[in-house]
Structure formats: structure tokens, C-alpha cells
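1. Predicted model and sequence below, questions to follow.
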Amino acid sequence: MKQLRLLARACAVVVAVAVLAACGSSSGGSSNGGGGGSSSGGSGPITIGASLSLSGDFSADGQAFQRGYELWVHDQNAKGGLLGHQIKLDVLSDASSPAQVVSNYQNLIGSSHDPIVFGPFSTLLTLPAARVAARYGYAFVEGAGGGPAVFGSGLHNVFDVSVPVKDNLVTFARWVASLPASQRPKTAAYATVNDPFTQPQIPVAQSILEAAGVRTVLSKVFPAEVTDYTPIATQVSSAKPDLFILGSVDVPTVSAFVHTFIQQHYNPKAFIATAGPDQGATFVKAVGNGNENGIFVPNGWFGGFKKADSQKMVQEYIAKYGGTPSDVNADVAEAYSVGQVLAQAVQATHSFDNSKIIAYLHSGVTLNSVQGPVKFDSLGENTAQQTLTFQWQNGNLVQSIPTSVAGASPPQYPKPPWGG
Amino acid sequence: MIHPGARTAAARPPGTLLRRGLLGGVIAVGLVVLGIFPLVVTDPTATSIAFFTVVFMGAVSAWNIFSGYSGYLALGHAVFFGSGGYAVALAARDWHVSGGWAVFGLLPFGGLIAAAVAIPFGLIALRTRRHTFVVVTIAIFFIFQLAAFNLGFTGGTSGIQLPFAPFSPTTYNNPFYYVAAIILVLTVILSWAVRRSRFGLQLLSIRDDEDRARGLGVHTRRVKLAAFMISAFPVGMLGGLYFYFIGQIFPQYAYDPLFDVSLALMGFLGGIGTISGPLLGALVLESLQQYFTQKFSANGLYLIIYGVLFLAVILILPGGVVPGVAGLVRRWRVRTQRQSAEAADAAPRGVAGAIP
Amino acid sequence: MSGTALLQAIVDGILTGGVYALMAAGLTLIFGVMDIINIAQGAMVVLGAYLSYELSAKAGIPLLPGLLITVPVMFVLGVGMEFLFMRRVREADRAAMSILVTFAVAILIEGVLTRAFGVDYVQLHATYIDRSIYVLGFYLPWIYLIGFGLAVVLLVVLYWMLYRTQFGRAVRASLQNRTAADLIGINVDRTRMIAVGIGVAVTAVGGFAFGATNAFNPNSGYDLISRLLAIVILGGLGSIGGAMAAAVFMLVVNDVVAVAWSPTWAPMVFFFALVIVLSIRPQGLFGRSGVRAQ
């Protein structure tokens, strides 16, 4: 009996090894013309590889990122590609799993020999992926891995084109602090999910606000795995703070708080959420039409941004996927900016050599992107961009703070009543 | 007078020597393939997938030592995986272990921590049986996950970084692969040794009928707890290795419910309670899963394929692949044996057997 | 911590417990009757939510009347699942193999939903969802009251079905001793099939309650399943009333700890409580010991 089982095992092992070997050779053999990292001879297409979360926890953002990358590839190819080569985008899915993201970048860089790679979504996946890239000496330009853990890791090849997350709420907090004492909120409540993206933002904002005399009535951290936000949301509404700051990473969190506030007949004078309201139509549908007005969200970008290349990208997105500028997910712009920054580095160094790209990006040069200027410090953070704060007004997401920015729409304060 | 050859032939069923030779050959082939795989298939994607596959093969084999032999379905082994991972990460950071081969030396420490964790875990969980036991293991798993998020020394949501290993990029995966392979072989030997020992027999008797086993004098609580700890040790080591490979340990990945379910799935698919079953289950599932995710992940298509494949296997081979295949082979052999017996009846006597 | 806040938390817990009870009721029924750990329960709740969404958003059928359609549809699904998959699992391995089978079903459901609806979050909408009633100083949201009410109604209906009908007797008989039930002429296979169908049909209502109180996408089922399993075991196998009590207990503990101490520790306290209760009373709060050989 045992022997028979082992016989079965042997056959299976042989079969499985054959399958694995076939996988190995087929994924290796699928590399496209463009060969190694530095040659730019010939005019065959070059492949840019990326791993994205097309399923799993980050699927909504992963999909937006894919659209952003694809839009950029399409636009760049229309301009003649990179150094005369048309670009081909090779996207693998990582199902929001770090083990998969490691295998994926080993595939893209080690097997397929894609000369350039883009980053994945989320700090949680960026870290392991960046390490793989670092081993091969690849530049790792990304738009969604901005948690402090990324910059404290000791890696020199990571470049985050988006604003470092820690300071996301500073612009808003400063504006609140600048309000005349009679208008300024007297009390504030803070609630955040325990995520490396949101958690670092709260203390920064809190210290600015407390220094301006805004009393903290509640400050809570809640787990990401919770499926029931009502106790925290109800607790906030019972405390009736003038100002509510929510550290969220997705739409369901914000939606749960909004609905509970409405049920509890509580309307804060000001409400800002770190993520969720930037997801366009999905956000509005979840909270209910009319309920989105007055909610602030910090970001480096929004659909109505009055910058030429941004507006062009938005128009193309709408032409392809429908909707209005406010419906465009901010992730799309982050992804598009990654492409732009890489293109500028490639063109400046006249090569696809990753070490030259890394050196160039660390050289202190200021680059352009749909999100605004990009300049990297030694850790790879983008120090050139300021966080803008946006607000939903009359069904549109508009840039509101700093009020000095051209085209800014003055903030609606206090927040209008729930209109759903 | 009895011919000497007749005695020898009558003492062993026909073909045993052949079968034992075949068994030895199979094991040898398996070890050779395991040993030379990364040298032959140098593609880093394949070796990366192979690394994860070998890790899971080891983890499932270890899980099987407890769940397979005792019949208690444990869905909390991620506790050992994650605890081993954190132990290695914290040790590497606080004892200033530099990246490279030295970190591999920390793996047994990870295993020890996991085995230590198994003691209170087991003492609580093993008071219950069957479905209740399953849920208690899940509950304790969540306690650990939440503790990892909230307790300061685990680094909270940002997790802990593991040292950089200065291996050359083209063969980076190989050292990890080989360490995993060594742990796998040791775990399989452990599993085999347990199975053949009296201790293993006691475990199996618990699976068959625990009350009767207790009545027959088996110290069931002690036996179960010991098996629980033994199965925790390799899983802890593999956890440390896994997170060293990835480079960072986060609470939600260290304590991942999908890991628990995957172990059970791989064990059942291959055939729980056997030695080769878990190996087969992990081999097939893990490599297929990574491959499918890379190629088909968009739009949930791979989920559908996966689910359908699963259901097909379960329905055709409901006991798991290995017992299923063994069953098929056995039926085939019985049929051929009957045919040859009928043929022998028709043949002149005195030819078969004794006379050399 | 003020008394009002504490009371509010308790009230919240009770009401949300109703929603969870709705989601878990089907699970405990299937669990109790079939000895099956239905890992697909979370996915089925999401499926029920999507069915309600499809009817209300695309066909304009309001949520509550829409249940008249989604419940029978899910019933057929449950019957089909039992007939095609669960029945083929060998009796001896049933408890364990059920994990494999239901996991595969869960993956399938998630894959199909992803293809059909994409990964964007959606939520069920109705005018009463944001409205609440003011009672004794507290705002009680209508949707939670409706959810709680539905849970109680379902509890009564299922109890009546299990204890006052022939069919229910057949279910309980097959639960206690399959061979004996067979011997006295009960068509055990058909009984089980219908019981599973009912269990899944009930989940449609749970899906409605879930979808009305949370934004969801095909991936949302995963977070649910561990809590649902815990509720069902704590309540006791096959006991619908037990599932209700356990759901309320779980949510009240969760909410009180979240408010009094910290939301991050709340789930941990719940699981601690679960472990303690189960160590002392392994059959759960309302399960009967020795109903089946443990």
C-alpha cells in the first residue's frame, strides 16, 4: 500500500516537475525584443513590466493603476515611444499578495528581462518588490508606496512620485489653524485604521490643531479587519466634535461613517478623510448622491486640476471609460506620473541603463508630471509637491486648499447638511 | 523434503523485492530532482515558485503530523508560521545578525519559539473536539494576528524588516531553496518516523476512535499535545525562512487566514494522513496557484478556473489524489492478479514457485 | 466613560447583532444538518447582496420586495450545491472535506461576481437606510431595526419549521442518527438537500442586510467568514436561537470594548471570550452535548 502511494507520488513528481520546467521556460521565453538592460540598438519594442493587484484586497486600486499605466503607454507611443522604441506594457497580477509580488518581479526582471519596471500598489507590496529590483540594480519608480516604512528601509532605488503620506493632512490642518478664532472648530475627533498609510498622518495633524487650540475629544485607532464601524462612528457622533478627521484607506470605511452620522443626526462642521473621497464615482455611489458635499480629501491630484497634461489625460480617460473629471480615480494620475518620470529619465540619460536612471533621479533635478513637479530627496521621497486638499462641492471634486493656488474654489465651511 | 528455494519463496509474497526496489528508486529519483532542480532550471521565476512550493510542502507535511495522524483539523498553524517569522525577524534585528548565511542559523530559534507557542495554544485548544476544535484554533489565530497589530514590539502595522541577503541576483533564490529543501527532507523523515513509531500508532488510534484509545490506556492529552508541538517546529522554521526571503514581515501576512486554509486544502487534496499526500498536494496547488495568478489573474478568470479544477478533483478523487490513485492502481492489480491466477490454473502444475 | 455612551454601545451591539444573526442563520442550519463547515458562507452573503443590488439598481425593484426573488434564487443555488458537490463527499470525511468543497465554491462565486460586476465597491440604497427613529435619547437607525426584526421573524419561522413540521422532524432525525432515520423511511438525501437549500435561501436576507449597511465588492466575503463561524459555534451547532444569542453577545462585547477601551482590542476580547466559553462548554451556549458523537 505504502509502495503504491509512493509510486503515485513519483509519477506526480515527474509530471509536476515537467509542468514547472515548462512554466519556467515559457515565461523565460516570452521576453520580447529589447534584450538586456542597457542596449538601445535596433528599433524593436521595449517592454515595461509591472505587477498590479488585479484581485484581492487592493483590486479596486490595482485596476485604476493599470488604466493609468496603459494610458501613459498609449500616449507615449503616440509621441514616438521611448528613444524611438514603441513601448509594450507587461502587467502581471499579484492578487495583493507579497509572495506573489516577489515572484512576479523575479519574472519581469530575472526571466523576461524587461529593461524597465514600474511599481505595484501599496506600501505593503512595494517594500518586498523594491528589494527584488534593488538586487538587480533596477530603478523602482512607483506612485503608491508612500508609507514611512518604504523610505526607512535603506533602499536607494525607490522613487515615489506621489507626495509622502505622512504630511498629507498638513495643508488642511494649517488652514484650520489659520481660521479666525470665532470660526475655528473648538473640538476635534480623530479616528484611523491601523494601516501604515494612514496612521502616521494623524499625529502630525493633531499636533498642529492642538497647538491652535482645537481640543481633542476623541482619538481612536481601529483594526483594518473590522466589518462593523458603528461603535466607533456612533461614539464620534455622540461626542459631537466640530471637526472630524478620518484615517481611511478605502471607500467602505468612509461610507460606514457617513451613514452612521446621518442616522445619528450628526453633521460635523468639517470632515476630512485621508482616502476614499478621491475615488470618484464609486465614492459618491456608496455614500449616496448629495452626501458627498463638503467632505475634504487630501491628495496630490484631482480630476479638475488645471494643468495641460493632466487635463489631456483626464479627457482621454473619460473618452475611454466614461464619467466626469471628478470620477477619475486619483490612482490613475499616480500611475501616469510614474510613466512620465521614467520617460524623462530615459530621455535625459539617452539609455535604458537603470544605474544611470537611478543616478539621474537622485541628482536633484525637478521633473514634470500630471500631479505637478517631482523632485526626489536622498530617500526617494518627492519633496517638490505640496499636498492639495480637495472638497466635494455641488457634486464635483474641486481643489480648495491652499486657497492661493490658481483656480482654487474657496472651501465650503461649515459643511453643508447631509443632502442624500 | 522441502527445497530451500521453496521456503524462501513461500515466506515472501511474489514481487516484494521488486516493489521494495521500486520504492527505493522512487525516493532516490525524488531526492535527485529536489537536489538538482535549481541547477537545471535556472530561470529565477521558476526557482522562486519552486522555493514557495517547497516551503509549503514542508509546512503541509508538518501540519499533517498533527492533523493527519490525529484527525483533529487544525486551522491555526499560521500562528506558528508567523511566530517563527517574527522570532527570526526580531532576533536578526536585536542581535544584529548581518544578512546572508548567518540568518539561516536563526531558523531553529524560530522553530523553538513556535513549539513554545504550541504549548499554551495546545493546552487550551485540545480540551475541545471536532468542530469546536477547528473554531478554537481559528479564534486563537485571530488573537495572535490582533496582538501582532497592536503590541509595540512587533512593529505594528509597518512590521519589521529583515536583513538584506547579499547573494548574487541570478542565483539569489538558490540558498533559500536549498535550506527549504533540507527542512522539507527532515520534516518528511520526521513524519515517517512518527508514523512508524508507537507514538504514531497512538495518534492514529486517536483518529480512529479517541474514547476507545483512552480506554486502552493511551494518554491522549499528552500524545495530542506532543504531536501539536512537533508539528509546530518545522512550520516555525519555514515561517522564518519565508519572511527572510520576502524581506519584510507584516501582521496581516504573518498571520494570514488563507495560509491556514491552504494547508488544509493541500493536505486533503493530496491525501491526508499519508506521507506523500501532503507533498503532492502542496506541489500541485502552490505551483499552479502562482502560475495561474501570473497568467490569468485579470477579471477573476483564474478564480473560476481554480475553483472548477478544485471541484473536479474533489469529485473524482474524493479521498484526495494519492489514496484515489492508489485505489485505482490497487483495483487494476487485483484484476490482473485474478487474470493471471485463472491463467495459472489452466497451466500444468509444478512450474510456478518452488523449483529454481 | 459615561453611562450614555455605554448604553449606546450596548444598543448598537444588539442591533448589529441582528444583522450578523441573519448572516449566520443559514450557516448554522447547514452546519447542524450536514456536518459541513461552509466556508462559502461569506461569499454567499456577498452574492445575496449583489442579487439585491442587481434587482434594485438595474430593474428598479425595491430591496424588500426584491427579497421575494432573491430568496428563491438562492434556495435553488443551495439545492444545486448540495446535489452536485456535497453529496458526493464520503460520509467518513465529510466534516473535513467540506472545507475543500465549500472553499472551491467560495472561489467560484468570487470569480463569477468579479467577472459580472467588477471590483468597484457598491452599496444598497433605500430611503429608510439613512433614517432613524428617536427613542429615549438614542437614534436607532431603521435599517438595523429592520435587520433585527427580520432576524427575529426568521428565527421564529425556522424554529416552527424545525419543531412543528414533519419536514423539521425529518431534519432533526437525520441529524441525530442517519441510519435510524433511513430505517424509518425518511428520505435522508432529499431532506438534507432541502435543508441546505433553506440555509442558503436564508442567507439571501443576510445579504440584503449586509449590503445595506456596508459598501461591498466581490472580495468582501473573506472578513466575514471567521466571525460567522465563531458565532455559529458559540451559539451551538444547529441552534438558530443560539446563533442569534451568540451574534448579539459577540457584537455587544465588541462594541462595548471598542467604546470603553479601544477598537483595536475589541475583536481580541471577543475571541478570548469565545475560547474561554468553549473550553468550559464545548457544545456552545445552546448546543446539546452528545447530540452527535464528539
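-> That came through fine.
2. where along the chain do the strands fall?
-> No chain in the question, so chain A it is. A:46-52, A:87-93, A:116-117, A:140-142, A:158-160, A:187-193, A:215-222, A:243-247, A:270-273, A:295-299, A:367-369, A:372-374, A:388-393, A:396-401 (DSSP state E).
3. wrong one, I was asking about chain B
-> B:160-161, B:248-249.
4. out of those, deepest packed?
-> strand B:248-249 (a mean of 26; mean count of other CB atoms under 10 Å in any protein chain shown). Just so you know, the C-beta spots here come from the backbone N, C-alpha and C atoms, and that holds for glycine as well.
5. Sheet partners, orientation included, of that strand?
-> strand B:160-161 (antiparallel) (DSSP bridges).
6. Show me the contact partners of the strand it pairs with.
-> A:127, A:149, A:153, B:86, B:89-90, B:93, B:154, B:247-249 (CB atoms under 8 Å, 6 or more residues apart in numbering or on different chains).
7. Now the buried members of those.
-> A:127, A:149, A:153, B:86, B:89-90, B:154, B:247-249 (16 or more other CB atoms under 10 Å in any protein chain shown).
8. Can you lay out the strands of chain A as a markdown table showing mean pLDDT and distance to C:Leu224?
-> As requested, the strands of chain A are exported to a markdown table (pLDDT from 0 to 100; distance: least, CB to CB, whole Å):
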| stretch | mean pLDDT | distance to C:Leu224 |
| --- | --- | --- |
| strand A:46-52 | 93 | 26 |
| strand A:87-93 | 92 | 24 |
| strand A:116-117 | 94 | 36 |
| strand A:140-142 | 94 | 32 |
| strand A:158-160 | 94 | 34 |
| strand A:187-193 | 94 | 17 |
| strand A:215-222 | 91 | 17 |
| strand A:243-247 | 95 | 23 |
| strand A:270-273 | 96 | 24 |
| strand A:295-299 | 91 | 27 |
| strand A:367-369 | 92 | 40 |
| strand A:372-374 | 89 | 40 |
| strand A:388-393 | 91 | 30 |
| strand A:396-401 | 88 | 31 |
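9. To chain C, which of those strands lies closest?
-> strand A:215-222 (3.6 Å; CB to the nearest CB).
10. B:Ile143 reaches C:Val269, doesn't it?
-> No - B:Ile143 is beyond contact range of C:Val269, at 9.5 Å (criterion: CB atoms under 8 Å).
11. and the residue positioned nearest the centre of chain B, how far is that from B:Ala282?
-> Taking CA atoms, centre = their mean, the centroid of chain B lies closest to B:Ser61, which sits 1.8 Å from it. Distance of B:Ser61 to B:Ala282, computed by CB to CB, to the nearest Å: 8 Å.
12. Next: B:Leu186.
-> 16 Å.
13. of those two, who's got more company?
-> Of the pair B:Leu186 and B:Ala282, B:Ala282 is the one with more neighbours under other CB atoms under 10 Å in any protein chain shown, namely 29 against 14.
14. tell me the contacts of the more buried one?
-> Counted by CB under 8 Å, 6+ apart, B:Ala282 has contacts B:53, B:56-57, B:59-61, B:266, B:270.
15. And the helices in the stretch 301-420 of chain A?
-> Along the stretch 301-420 of chain A, counting by DSSP state H, counting those that start in this stretch, helices occupy A:308-321, A:330-349, A:354-361.
16. and among those, the most buried is which?
-> Of all these, helix A:330-349 has the most neighbours on average by mean count of other CB under 10 Å, namely a mean of 25.
17. export that helix as PDB, just CAs?
-> Only the C-alpha atoms of helix A:330-349 are listed here, as PDB (Å, rounded to 0.1, in the frame of the first residue of the first chain):
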ATOM      1  CA  ALA A 330      -6.500  59.600  -8.200                       C
ATOM      2  CA  ASP A 331      -4.600  56.300  -8.700                       C
ATOM      3  CA  VAL A 332      -4.800  56.900 -12.400                       C
ATOM      4  CA  ALA A 333      -2.800  60.100 -12.100                       C
ATOM      5  CA  GLU A 334      -0.300  58.400  -9.800                       C
ATOM      6  CA  ALA A 335       0.300  55.700 -12.300                       C
ATOM      7  CA  TYR A 336       0.500  58.100 -15.200                       C
ATOM      8  CA  SER A 337       3.100  60.200 -13.400                       C
ATOM      9  CA  VAL A 338       5.300  57.100 -12.900                       C
ATOM     10  CA  GLY A 339       5.500  56.700 -16.600                       C
ATOM     11  CA  GLN A 340       6.200  60.400 -17.200                       C
ATOM     12  CA  VAL A 341       9.000  60.500 -14.700                       C
ATOM     13  CA  LEU A 342      10.700  57.400 -16.200                       C
ATOM     14  CA  ALA A 343      10.300  58.800 -19.700                       C
ATOM     15  CA  GLN A 344      12.100  62.000 -18.700                       C
ATOM     16  CA  ALA A 345      14.900  60.000 -17.000                       C
ATOM     17  CA  VAL A 346      15.300  57.700 -20.000                       C
ATOM     18  CA  GLN A 347      15.400  60.700 -22.400                       C
ATOM     19  CA  ALA A 348      17.800  62.600 -20.200                       C
ATOM     20  CA  THR A 349      20.300  59.700 -20.000                       C
END
